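Visitor: After the sequence you'll find the predicted model.
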Amino acid sequence: MAWSLALGHGFSSPLVGMQGPTAWVAPIYPFLLAFGFKLLSMNPYHVVVFGQVMNGIFSALTCWPIFFLARKLFSSRVALASCWTWAVLPTAILFPLEWIWDQSLAALLLTALLCATVYLSAVPSAELSPKTTGPRREALLWAGYGIGWAFTLLTNPAIGLLLPVLLLWLAWKRNKTGAPWKGPVAISLLACVLGVVPWTVRNYAAFGRFVPVKSNFGLEFWLGNNPDVKVIWTWWRSPASDAAESKELHRLGEIAYMHEKQSEALKFVWAHPGAFVDSCFDRFVDTWTALWDQRADPWVNALHAGTAYVFFCSAFSLLALLGLLLARRADALETFPLSAAMLFFPLTYYITHSAERYRHPIDPVMTILAVYAAAYAYAKVTGKAQIQIEGRSPALAAAAESRQQKRARSRRTATTD
């Protein structure tokens, strides 16, 4: 598709031998690669290097939202440690080089959006002086937040599951503090919709069907839910690999083919609910442990590092889960965006098919939580209680102090009685 764009043929040709417009993938990353083709005289090898360098830059830039998000929710020490952990995290090094795909950009964008969400919720308009901000500047901030969501959806629509969740959380949080929320949330939502609409209009003009961003959900859903699925999915049944499916795709056209595959998958799910649940569980396990992915990843196999890969992914997931539980115990409301990312983002891949690189957009969040868990454990072992207090944002510390005051009052009342 990037090659087609660079040649001036438009967003088309998703597979070898297949011509015509497409909405198979989200548009942002192919456009970036198309820029690489134009810049590097249409040399495919140079564009692969261009994509690897670009992904590396995206991965490096992710340190910034990691730092600000961790510092806001926890502490400067946790933030700095999270950045260094991300810099040496094996998957943050492997995936930008291995996959010329959008996972590194999606990780940067999702982390930046979570950071923006936390900051927008934490500074109510009523607390800002007119010199610091005004209605126009605040409206621009919320519009920018919405545009950020639009750009993210046009990069990886799976992140869109978090949009309504985080907007509702922002509305509830601001309403609780007495800050206006209807106008800001409406501005963000409108900006997001206006940002996506041009691409949706393009898809409608090309296909005569409503396709918000991508068309391929039906195929991906079917690849993970059909009679041939044994564990995760049937990659060999994709039109890119299967001549019969490729012929069917050419006969029906992209949109009709995707609808047909979705219909077949739904029929299979209704007829075999137990098999669907089993496959979803397998994909859940694979998402957090790489148990199946370690056999499919070519670099891991080339390095004969399958066992080490599974151990690392499993330990990383467990440590991040522990950090999430500790953060929720400190203050579930303040850390809700992190919980939402961990809970909602992988849902699409549980029902279609899984891979560690699909989960990569939430790896920065997992890095922060893993570091927080390690810092908490270090404080417990060494007896440095002050690190535990520094490991909380002002809001978390205030909530903890409030609970301590309530317990003290209860003890005094009990003693008096």
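Guide: Thanks, I have it. Please read these numbers as outputs of a predicted model, since none were measured by experiment.

Visitor: Give me the phi and psi for the residue most central in space within the chain.
Guide: For the chain, the residue nearest the mean C-alpha position is Pro361 (3.8 Å; CA atoms, centre = their mean). In terms of degrees, to the nearest 10, the main-chain angles of Pro361 are phi -60, psi -20.

Visitor: For the residue nearest to it when sequence neighbours are not counted, list the residues it contacts.
Guide: Closest residue in space to Pro361, ignoring its immediate chain neighbours: Ala106 at 4.2 Å, by CB to CB, 6 or more residues apart in numbering. Every residue, glycine included, has its C-beta placed from N, CA and C. Counting by CB atoms under 8 Å, 6 or more residues apart in numbering, Ala106 touches Thr152, Thr155, Asn156, Ile159, His360, Pro361.

Visitor: Distance to Ile232 and secondary structure added to those residues, as JSON lines?
Guide: Shown next, in JSON lines, are these (distance: CB to CB, whole Å; DSSP: H, G, I helix; E, B strand; the rest coil):
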{"residue": "Thr152", "distance to Ile232": "26", "secondary structure": "helix"}
{"residue": "Thr155", "distance to Ile232": "24", "secondary structure": "coil"}
{"residue": "Asn156", "distance to Ile232": "20", "secondary structure": "coil"}
{"residue": "Ile159", "distance to Ile232": "22", "secondary structure": "helix"}
{"residue": "His360", "distance to Ile232": "17", "secondary structure": "helix"}
{"residue": "Pro361", "distance to Ile232": "19", "secondary structure": "helix"}
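
Visitor: Which among these count as buried?
Guide: Those of the contacts of Ala106 that meet the buried threshold are Thr152, Thr155, Asn156, Ile159, His360, Pro361, by 16 or more other CB atoms under 10 Å.

Visitor: wait, doesn't Ser246 sit right on Leu15?
Guide: Yes: counting by CB atoms under 8 Å, Ser246 touches Leu15, with 7.1 Å between them.

Visitor: list residues touching both of these two?
Guide: Pro239, Ala240.

Visitor: Quickly note the distance from Thr307 to Cys313.
Guide: 11 Å (CB to CB, to the nearest Å).

Visitor: more neighbours, those two?
Guide: Neighbours around Thr307 and Cys313, counted as other CB atoms under 10 Å, are more numerous at Cys313. The numbers are 22 against 10.

Visitor: Who are the contact partners of the nearest residue to Met42 once chain neighbours are set aside?
Guide: Nearest-residue entry for Met42: Ala6, 6.4 Å, with adjacent residues in sequence omitted and distances by CB to CB, 6+ apart. Going by CB under 8 Å, 6+ apart, Ala6 touches Ala34, Phe37, Lys38, Met42.

Visitor: Of those, keep whichever come out buried.
Guide: Ala34, Phe37.

Visitor: from the contacts of Ala6, which is closest to Phe336?
Guide: Nearest to Phe336, judged by CB to CB, of those is Ala34 at 38.0 Å.

Visitor: tell me the pLDDT at that closest one?
Guide: If you check Ala34, the pLDDT there is 97.

Visitor: Phi first, then psi, for it.
Guide: Per degrees, to the nearest 10, the backbone of Ala34 is at phi -60, psi -40.

Visitor: Check Gly391 and give its pLDDT.
Guide: Gly391 is given a pLDDT of 40.

Visitor: Over to Asn175?
Guide: The model reports Asn175 with a pLDDT of 89.

Visitor: Could you check how far the nearest residue to Leu322 once chain neighbours are set aside is from Asn216?
Guide: Nearest non-adjacent residue to Leu322, counting by CB to CB, 6+ apart: Ala373, 4.3 Å away. With distances taken as CB to CB, Ala373 is found 37 Å from Asn216.

Visitor: next one: Trp222
Guide: In terms of CB to CB, Trp222 sits 10 Å off from Asn216.

Visitor: And those two? Which one has more around it.
Guide: Trp222 (25 against 20).

Visitor: was I right about the more buried one contacting Tyr257?
Guide: No: checked against CB under 8 Å, the pair Trp222 and Tyr257 is beyond contact range at 10.1 Å.

Visitor: What is the end-to-end distance of stretch 54-70?
Guide: 25 Å (CA to CA, to the nearest Å).

Visitor: Please apply the same query to stretch 70-78.
Guide: Stretch 70-78: ends 6 Å apart by CA to CA.

Visitor: That stretch: which residues count as buried?
Guide: Neighbour-count burial for stretch 70-78, counted by 16+ other CB under 10 Å, picks out Ala70, Arg71, Lys72, Leu73, Phe74, Ser75, Val78.

Visitor: what pLDDT does the fourth one get?
Guide: pLDDT, Leu73: 95.

Visitor: for Thr415, same thing?
Guide: For Thr415, the model assigns a pLDDT of 44.

Visitor: what do you get for Ile93?
Guide: 95.

Visitor: distance between the helix or strand containing it and the chain's centre?
Guide: Applying DSSP states H and E as the criterion places Ile93 in helix 90-98. From the chain centre to the centre of helix 90-98 is a distance of 16 Å (CA atoms, centre = their mean, to the nearest Å).

Visitor: what does that helix rub up against?
Guide: 52, 55-56, 58-59, 62, 86, 103-104, 107, 297-299, 312-313, 356-357, 360, 363.

Visitor: so how far is whichever helix or strand comes after it off the chain centroid?
Guide: Once the chain leaves helix 90-98, the next helix or strand it forms, by DSSP H and E, is helix 103-122. Centroid displacement of helix 103-122 relative to its chain, using CA atoms, centre = their mean, is 9 Å.
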